[in-house]
Every structure is written in C-alpha cells, then in structure tokens.
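S.K.: Below is the sequence, then the predicted model.
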Amino acid sequence: MSLPAVVPAPSSIESGSSGPFAVSAGIRITGDVDAATALAALLEARTGVTLQVADEGEVALRIEAGEPESYRLTVDDAGVAVVGADAAGLFYGIQTLGQLVRRAGGEWTVPAVTITDRPRFAYRGVMLDVARHFQPVETVKAYIDRAAGLKINALHLHLSDDQGWRIQLASRPELTELASGSSIGGDPGGYYTTDDYREIVAYAASRHLIVVPEIDMPGHTHAVGVAYPELAEPPVMSDEIERVIAEFGGGVPTPGELYQGLAVGFSSLKIDDERTYEFVADVFGELARLTPGPYLHVGGDESLGTDPDDFAVFMERVTGIVADLGKTPIAWHEAGSAPGLDPGTIGQYWGYTTPLDGMDDQARAFVANGSRLILSPADAVYLDMKYDESTALGLAWANGPTSVEAAYSWEPSDIIAGIDESDILGVEAPLWTETVRDLSDIDALAFPRLAAAAEAAWSPATGTSELRTWTSFRERVGALAPLWTSLGIGFHASTEIPWVVE
Ligand code: ACM
C-alpha cells in the first residue's frame, strides 16, 4: 500500500499497523490553545465537522523543545499526537495532519502513520509583486494562509516598481499620494497604509511567516520619480524596451506620469546626488521600524539605465545604510558585481537552473563575501510563467513556459557550482503580477507549482529520499485537490497531475 500523501515530502514517514483514526463530532482536541484553534478551523473547513477544544482529548497537541520548526506526528486508531519543537513546528504538524484527512465510505479518517519532519532550509519564501498590480490586504492574507499550509515561512513583498509605490511612509508622503494611483494596463492602483502593513505583518506572524519588504533600487524606480522628480534620471530607452512596448503596449515611459506598461530597465535614481541617499535612509529607516523580521530587500536587479560603476557605488551605500539600521540586506544577484557590498548582504539568484551570462559568478560573489544565497531560479520557481503555450495568464520569457514537472525537477545544491548546502539560506518562489489581477489569478499560477517550490525548500535533497521524485510528487500533490478545493484554492488542474476527486 502506498504511503499517505504529504507535500512537501516529510523527512520520514511510516505507515502504522492499526486501523485509521476516525474524525467525528465527538472528538476533542487538547493542548496548546492557539494550535488547537488552528487545527479545529482547518478540520472544519476540510470535513464540515466541528471538533471541540477541551482539557482532555483524543487529539493531543504539545510543544517539546527540539530542532527549530520540526515536529513529530503519530496517528493510530485511538488518537493523534502532534509534538512540535516550537510553535512553528506544531503549526506545521497541523498542516500535515490536515493533508492526511480523507473521506472513506462516508466517514472522515486519518490513516495510521508516524511522521518525523524538519525543514532542509531555514528560509522558505514566496514573493508577491504588489507594484505591477496592487493586491488588497485580504488577498495578501489569503496568500499567506495558502503559503503557510505548505510550510513557507517568509513573505517577500515587492512594494515598489516603475508602475507604483505601495507603502505609505510618514517621512515621504508624496510616494503614495502621487505614485500609487494605477497598475499595469490602467488597472486600479492602491497602497498599504502603515496600519495595513502592520496588519499584514501580524497576520503573517500568526502563521509563522516573517515579512521581507522590498524597495527595488536604483532601477525599477520610475514611480519614485513621479513623486520626487529631482531624484530620478530621465528614462533610458533600448531596442528591447521598444520591442516590449510594441508587443505589450502601455506606451513610452514619460517623466512625471505613472507608467502602465511592462517594460523594464529604463529608470534609475540619481547616483551622484546626496538627496538620493537621504531618501534611501528615510525609506529604509521607516521600514526597519515597521518590520520585525531581520531582512530588508534593496532590489538591485535589471538596473540597465544605471552606469555599472555608479551601480556598484549605489549598492555599496544602500547595503551599508540597511546594515547600519541593524537589518540584513537582501539584493538580487546582479548586486554581486559590486565589490564593496555590506558583507552580510544575502544574494537572491534569479537566473536559470543552468546559469547564463555570468549570473552564477554574481551569485558566488555573495558567498565569497561571507554571506549566503536565496535561490529563485526563474525557469523553475517564477510562478508567473505560463504552464504551456495555451495558458491564458502569465508570461514566457524565462526559458519558455514552466510545466509543473519543470517547476519540480531541480535540486537547489546543483544550481551554482562551488556552493555548499550551508551557503544556501533557502528557496523563494516569486510571483510577478504583470498579468495577475486578483486572487483567482494568483491561485491559478501558484497552484500547484508553489507546492513544488515548497518541496525544494523544505524536503530532503533529491537522491536522499524515495519521495523526492517527480513520480512521487505528482501523485502526492494530486491527492491535495480535495483539501485545496475545501479551502477555496482555485488551482490550475494541470493534466500533468493525477488529481484525486473525492
Ligand atoms: C527579476 O526577475 N528581475 C528579479
């Protein structure tokens, strides 16, 4: 008999010898109250059965110190025990339990099983681009819930780009007053008030995610120039930018006007003007105070409108400003070309699974500097790529469309030669929103491929576990369909996956 389906694949799973545990209205959950409440809500969504939280019960939840984020789950016909090493571990054990519940002959049951589980990487992220298409707080919360169910622990918010600035800052009110009013294609804009941002941070924390705010600089800054013209260089055009405008529309970027197209690489902050660094200090100073997590993302990608020497000067100064605020900077891999980056700066690699054009050299520079990498290979974990040529949503620039199999079939330690396991902080799956308007678009692109990225981030390395194969993954992810449906996740019913119908 095959093992029960869990995604991301756990470190160890063994079927038990007893019959399954029956989930019915008389069952009580006992132990850690936050965890018990979360489990009751998850089981009610999945089964419609309301379980009581009580002083004693058949489903016992507790914390016993151990490796961070790890848990042990045991199920037999008499009861269920979830033991987390900390609150996050207990939460992850509950997510696993939620995946195990199934309907059999009119009854809800959980198969007898013993699972011990812990994460491979400390950083397991999703990125949501709220600049190209603004996403309201409720959508961000829904995405947090979805990601947390797959044991993701970081939400990177791409809060600014050429098309808009999405976070209100008391020190720089013009950013949202003047540069947040639209999205790509003239769709509605918007921004988070500081209270909205605090609400997102608190909601994420309640699901054991940190928030990593990104302000992308020195390129991707046309919107900054709409608010503060004195900080921005005029747009630098290229044949590639003309091609993108011809293919996707949106017009030519014009100083002082919000940009509604898809082109990249035309904008730059002024590098030699001290007012730029006053701006950077204000923005990151305020974000540092609003953000309890350790990281501030400074961007640094596709600064094609910035002279390379100026780019190096800028990235050195910006990463230094962030480090002086007591935060760890993260930058996209291009910043690895700047020799004087703050040494703690974490690099985020977004090249392909087979690196091109020296992107691996730029990534390796962060490690040579004494820091680590987050891996986001675009042809595997960029969730905004089309699945195939017929997918209505999404783009295809990252080596063509990304099938679910392509999203799954890569190994983090094989991407950048010369990088050890310990040089990898983690894996993050970005979702850029050029074509993404709302939660149903997010769902259709992120599910099921986010599950593949989560497995790369959480599960044992490929080759070290019989579960870490495409054949196993497609069966296991297919078994999640009824759970995802009960949670309202509008996943893409890819024909690559044998979806279970309950
Ligand atoms: C990126 O995709 N420009 C980070």
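M.R.: Sure thing, it's come through.

S.K.: Now do the same contact list for the residue in the chain positioned nearest to the ligand.
M.R.: Nearest to the ligand, among the residues of the chain, is Asp301, at 3.9 Å (CB to the nearest ligand atom). For every residue, glycine as well, the C-beta is placed using N, CA and C. For Asp301, the contact set (CB atoms under 8 Å, 6 or more residues apart in numbering) comprises Asp216, Gly219, His220, Trp332, His333, Glu334, Trp350.

S.K.: run the last query once more with 6 Å
M.R.: Trp332, Glu334 (CB atoms under 6 Å, 6 or more residues apart in numbering).

S.K.: Run through the residues of the stretch 301-450 of the chain sitting next to the ligand.
M.R.: Selection of the stretch 301-450 of the chain residues close to the ligand by CB under 6 Å from any ligand atom yields Asp301, Glu302, Trp332, Trp350.

S.K.: Am I right that Leu445 is in contact with Met385?
M.R.: No - applying CB atoms under 6 Å, one finds Leu445 not in contact with Met385, separated by 8.0 Å.

S.K.: between those two, what contacts are shared?
M.R.: With contacts taken as CB under 6 Å, 6+ apart, the residues that reach both Leu445 and Met385 are Gly394.

S.K.: So, low pLDDT: which residues of this structure?
M.R.: 1 (pLDDT under 70).

S.K.: So which residue is dead centre in it?
M.R.: Centroid-nearest residue in the chain: Val126, 0.1 Å away (criterion: CA atoms, centre = their mean).

S.K.: so is the closest residue to it other than its chain neighbours in a helix, a strand, or just coil?
M.R.: Closest residue to Val126 apart from its sequence neighbours, by CB to CB, 6 or more residues apart in numbering: Ala147 at 4.7 Å. Here Ala147 is recorded as helix under DSSP: H, G, I helix; E, B strand; the rest coil.

S.K.: Asp388 versus Ala147, what's the distance?
M.R.: Per CB to CB, to the nearest Å, Ala147 is found 24 Å from Asp388.

S.K.: same thing with Pro20?
M.R.: Taking CB to CB, one finds Pro20 at 38 Å from Asp388.

S.K.: out of those two, which sits in the busier spot?
M.R.: Pro20 (21 against 15; other CB atoms under 10 Å).

S.K.: The residue nearest to the centre of the chain is in contact with Leu150, isn't it?
M.R.: No - applying CB under 6 Å, one finds Val126 not in contact with Leu150, separated by 8.9 Å.

S.K.: Does Val140 fall in a helix, a strand, or a coil region?
M.R.: Going by three-state DSSP: Val140 is helix.

S.K.: The residue nearest to Val126 reaches Leu128, doesn't it?
M.R.: No - contact criterion CB under 6 Å: Ala147 and Leu128 do not qualify, at 9.3 Å.

S.K.: show me what contacts Val201?
M.R.: Contacts for Val201 (CB under 6 Å, 6+ apart) come out as Val211.

S.K.: That one belongs to a helix, doesn't it?
M.R.: Yes - under three-state DSSP, Val201 falls within a helix.

S.K.: going forward, begin numbering at 385 instead of 1
M.R.: Okay, residue one is now 385; in that scheme the one you just asked about reads as Val585.

S.K.: List phi and psi for the nearest residue to Phe518 once chain neighbours are set aside.
M.R.: Spatial nearest neighbour of Phe518, chain neighbours left out: Gly574 (3.9 Å); criterion: CB to CB, 6+ apart. Note on Gly574: backbone dihedrals following degrees, to the nearest 10 are phi 150, psi 170.

S.K.: Tell me if I'm right that Gly574 and His517 touch.
M.R.: No - Gly574 is beyond contact range of His517, at 9.5 Å (criterion: CB under 6 Å).

S.K.: which of the two has more neighbours?
M.R.: Neighbour totals were compared for Gly574 and His517, and His517 leads with 26 against 19 (other CB under 10 Å).

S.K.: quick one: contacts for that one?
M.R.: By CB under 6 Å, 6+ apart, the neighbours of His517 are Ser567, Thr817, Val820, Arg821.

S.K.: cutoff 10 Å now
M.R.: 547-548, 566-569, 571-574, 816-822, 825-826 (CB atoms under 10 Å, 6 or more residues apart in numbering).

S.K.: Ok, Arg659 next?
M.R.: Tyr612, Glu614, Leu615, Leu653.

S.K.: ok, back up a step: which neighbours do Val510 and Leu534 have in common?
M.R.: Common neighbours of Val510 and Leu534 (CB under 10 Å, 6+ apart) are Ala813, Ala830, Leu834, Ala837, Ala838, Ala841.

S.K.: burial of Tyr575, as a residue count?
M.R.: 23.

S.K.: residue boundaries of the strands in the stretch 685-834 of the chain?
M.R.: 712-716, 730-733, 757-759, 808-815 (DSSP state E, counting those that start in this stretch).

S.K.: Now tabulate these in TSV and tack on mean neighbour count.
M.R.: Putting those into TSV (neighbours: other CB atoms under 10 Å) gives the following:
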stretch	mean neighbour count
strand 712-716	26
strand 730-733	26
strand 757-759	29
strand 808-815	25
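
S.K.: Please identify which of those is closest to Arg456.
M.R.: Closest of the strands of the stretch 685-834 of the chain to Arg456 is strand 808-815, at 22.8 Å (criterion: CB to CB).
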